[in-house]
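A.B. asks: sequence first, predicted coordinates after that:
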Amino acid sequence: MNTTNTGATGPADVDLNRVWIGVAAQVWHRQPGPLERTAARLLRSPALARALLTAPSLLLGWVIASVVVLAAGAVATVSTGTPFVALLAPAVAAAGIAYAYGPGIDPAWELSQSMAVSDRMVLLVRALAVFALNAVIGLAASAASGAAAAVTFGWLVPMTAVCALALAAATLTRSANVGVAAGLAGWAITVLGSRVAGGSLTTAVASASLILPYLLAAVVCIAIAWYATRIPRGTS
Amino acid sequence: MNVEISDLTRRFGRTQAVDRVSLETGAGVFGLLGPNGAGKTSLLRMMATVLPPTSGKLRLLGRDPGHYAPRREIRRRLGYLPQNLGYYPGFTVTDFVEYFALLKEVPPGQVPRAVAAAVEQVGLGDKAKARLRTLSGGMLRRVGIAQAIVNGPELLLLDEPTAGLDPEQRMAFRALLRDLGQRATVLVSTHLVEDVGAACGQVALMDNGKIVFHGTPDELTARGEGTGAAGDAPLERGYSAVLAAARSETAARA
């Protein structure tokens, strides 16, 4: 650790330490990439933009895995006629949401909790970004599998509910794995339950009567997640 | 006073991690000593606004962290090094320190200079562009210290900061602590008594969630006079004597 050269001066009263810090600041500073710059402009916060790019489920490997799964779903949809993209998209998005932020997922989570930019805001931004990205990938996969055009938009509402369920479970239990399990289990029960009731796998994504229950479930789960991420008062 | 704590308590289920602790401190280096499980980390986490207290009063930098706006202001002026620092393996040293400077809301125009100054202060200038996964444990600890001081904190909370540092680095770190303590309140939690003796003006000793001693390192040393073995450091004798007295008092009450 350097404590001896603080305030060192040169012959012409030049503070060499200060000059070096200025040089080092120029040399060491990494210019953010176009994606980070765009995110910083949109979010009006370079901190949130950087937090977005460190989200585990927005890293390239995760995004590629999501694309591969939904591409496989698109192929299966084309070849069988069953809308696998619509059934897979909510599950893939729920896993991404649960893995967006939390202890054990974000390496510096404990430290992030003591920051001026609140961890709730980081979670919100990451969750919205993961949702938006998965919606785009899902729409592309749906478009590629023309056989499922009728339910292309049908899965966006259930996806919202399943993602909200995964988020609520992950934040409440502080475990991404529990969040994924809750999201997948919730979606599987819904799909199988509506198949029993409606006789088809597509009922869960095609039935208009389910839209209101999905939206209600989403609102309740988001409220739970909001409650779970509060810092309780009572510190004074 | 930068830290005002009154009857602060934290429970985890049936375990009382911090038991009615009261403490006030202004600028200077304050050492928090105690055996494992004494409650040092829980107390520090409450001061870092990471862990809400179960009961009691806590004011930091003249503000109440129980409300959003003052808490955010405290966090802008706070430096915190947790006991277990997580890091992003692919980040460079400057990326990591810069990320936390941004999260502490250091004005973006000042960030590169603040990062360079913090990295230089912990002696990692030659590793500034190294990936964190390539650094040793001691170097990672210094990266953690750099992120803690990057915003020029008025309140600096360091949990076991010298863990993993070699003797030369520890001496340099104590010099840095003394320097920082001239303008900020620095709380250092440690179980290494020599760090406290060399750098701290005040010391509190915790055991079973309670503060059992509060005074200067010299006063702690004085408590150990006439006890211990010949090879023991004077401050260690004081530490052991105070702990033994506190425990026998507790046993006598029970």
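C.D. replies: Cool, got the structure.
A.B. asks: report how many residues lie close to A:Leu111.
C.D. replies: 24 (other Cβ atoms under 10 Å in any protein chain shown). To be clear about C-beta, it is placed using only N, CA and C from the backbone, and glycine gets the same treatment.
A.B. asks: which stretches in chain A count as helices?
C.D. replies: A:16-28, A:34-43, A:46-53, A:60-80, A:84-98, A:109-112, A:119-144, A:156-173, A:176-198, A:203-206, A:211-228 (DSSP state H).
A.B. asks: who are the packing partners of the helix or strand bottoming out on mean pLDDT in chain A?
C.D. replies: Here the helix or strand of chain A ranked lowest by mean pLDDT, DSSP states H and E is helix A:203-206, holding a mean of 84. Packing partners of helix A:203-206 (3 or more Cβ pairs under 8 Å, 6 or more residues apart in numbering or on different chains; DSSP states H and E): helix A:84-98, helix A:176-198.
A.B. asks: wait, is B:Lys57 part of a helix?
C.D. replies: No. With DSSP: H, G, I helix; E, B strand; the rest coil as the criterion, B:Lys57 is located in strand rather than a helix.
A.B. asks: near chain A at all, the helix or strand containing B:Glu4?
C.D. replies: In the assignment (DSSP states H and E), B:Glu4 maps to strand B:3-12. No. On the criterion Cβ under 8 Å from any Cβ of the partner chain, strand B:3-12 is out of touch with chain A, staying 9.2 Å away.
A.B. asks: what about that strand, average pLDDT?
C.D. replies: Mean pLDDT, strand B:3-12: 95.
A.B. asks: so which elements touch the next helix or strand after it?
C.D. replies: Moving toward the C-terminus from strand B:3-12, the next helix or strand (DSSP H and E) is strand B:15-25. Where contact means 3+ Cβ pairs under 8 Å, 6+ apart, strand B:15-25 is packed against strand B:3-12, helix B:40-47, strand B:202-207, strand B:210-215.
A.B. asks: please work out the angle formed by the directions of the first one and strand B:15-25.
C.D. replies: Orientation of strand B:3-12 against strand B:15-25 (axes from the mean of the first three to the mean of the last three Cα atoms, to 10 degrees) gives an angle of 180 degrees.
A.B. asks: so which residues on the stretch 101-250 of chain B come close to chain A?
C.D. replies: Counting by Cβ under 8 Å from any Cβ, the residues of the stretch 101-250 of chain B that sit close to chain A are B:102-105, B:108, B:111-113, B:115-117, B:119-123, B:125, B:128-129, B:142, B:147, B:169, B:172-173, B:175-176, B:179.
A.B. asks: pull the least confident helix or strand of chain A out as PDB, backbone CA atoms only.
C.D. replies: C-alpha atoms of helix A:203-206 as PDB (Å, rounded to 0.1, in the frame of the first residue of the first chain):
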ATOM      1  CA  THR A 203     -55.400 -24.100 -23.400                       C
ATOM      2  CA  ALA A 204     -53.000 -22.500 -20.900                       C
ATOM      3  CA  VAL A 205     -51.800 -20.000 -23.600                       C
ATOM      4  CA  ALA A 206     -54.800 -19.700 -25.800                       C
END
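A.B. asks: now do the SS call for B:Pro153.
C.D. replies: From three-state DSSP, the assignment for B:Pro153 is coil.
A.B. asks: hang on, I meant B:Phe30
C.D. replies: strand.
A.B. asks: what's the neighbour count on it?
C.D. replies: With other Cβ under 10 Å as criterion, B:Phe30 counts 24.
A.B. asks: beta partners for it?
C.D. replies: Note on B:Phe30: beta-bridge partners B:Leu187, B:Gln202, judged by DSSP bridges.
A.B. asks: can you tell me how far it sits from B:Gly39?
C.D. replies: 15 Å (Cβ to Cβ, to the nearest Å).
A.B. asks: same check, this time on A:Arg50
C.D. replies: 34 Å.
A.B. asks: gap between stretch A:63-79 and the chain center?
C.D. replies: The chain centre lies 19 Å from the centre of stretch A:63-79; the measure is Cα atoms, centre = their mean, to the nearest Å.
A.B. asks: mind listing what's buried in that stretch?
C.D. replies: In terms of neighbour count (16 or more other Cβ atoms under 10 Å in any protein chain shown), stretch A:63-79 has its buried residues at A:Val63, A:Ser66, A:Val69, A:Leu70, A:Ala71, A:Gly73, A:Ala74, A:Ala76, A:Thr77.
A.B. asks: out of those, which one has the lowest pLDDT?
C.D. replies: Out of the buried residues of stretch A:63-79, that is A:Thr77, at 88.
A.B. asks: ok, the closest residue to B:Glu98 other than its chain neighbours - contacts?
C.D. replies: Leaving out its chain neighbours, the residue that sits closest to B:Glu98 by Cβ to Cβ, 6 or more residues apart in numbering or on different chains is B:Val115, at 4.9 Å. By Cβ atoms under 8 Å, 6 or more residues apart in numbering or on different chains, the residues touching B:Val115 are A:Ala25, A:Trp28, A:His29, B:Thr94, B:Val97, B:Glu98, B:Ala101, B:Val150.
A.B. asks: following the one helix or strand B:Val115 maps to, which helix or strand comes up?
C.D. replies: Assigned by DSSP H and E, B:Val115 belongs to helix B:111-121. Toward the C-terminus, helix B:111-121 is succeeded by helix B:137-149 as the next helix or strand (DSSP H and E).
A.B. asks: elements contacting the lengthiest helix in chain B?
C.D. replies: Secondary structure of chain B per DSSP H: the longest helix is helix B:234-253. Applying 3+ Cβ pairs under 8 Å, 6+ apart, we find helix B:234-253 packed against helix B:193-199, strand B:202-207, strand B:210-215, helix B:217-223.
A.B. asks: least confident of the ones you listed, on average?
C.D. replies: helix B:193-199 (a mean of 85).
A.B. asks: returning to that earlier point: for the buried residues of stretch A:63-79, which one is nearest chain B?
C.D. replies: A:Val63 (15.7 Å; Cβ to the nearest Cβ).
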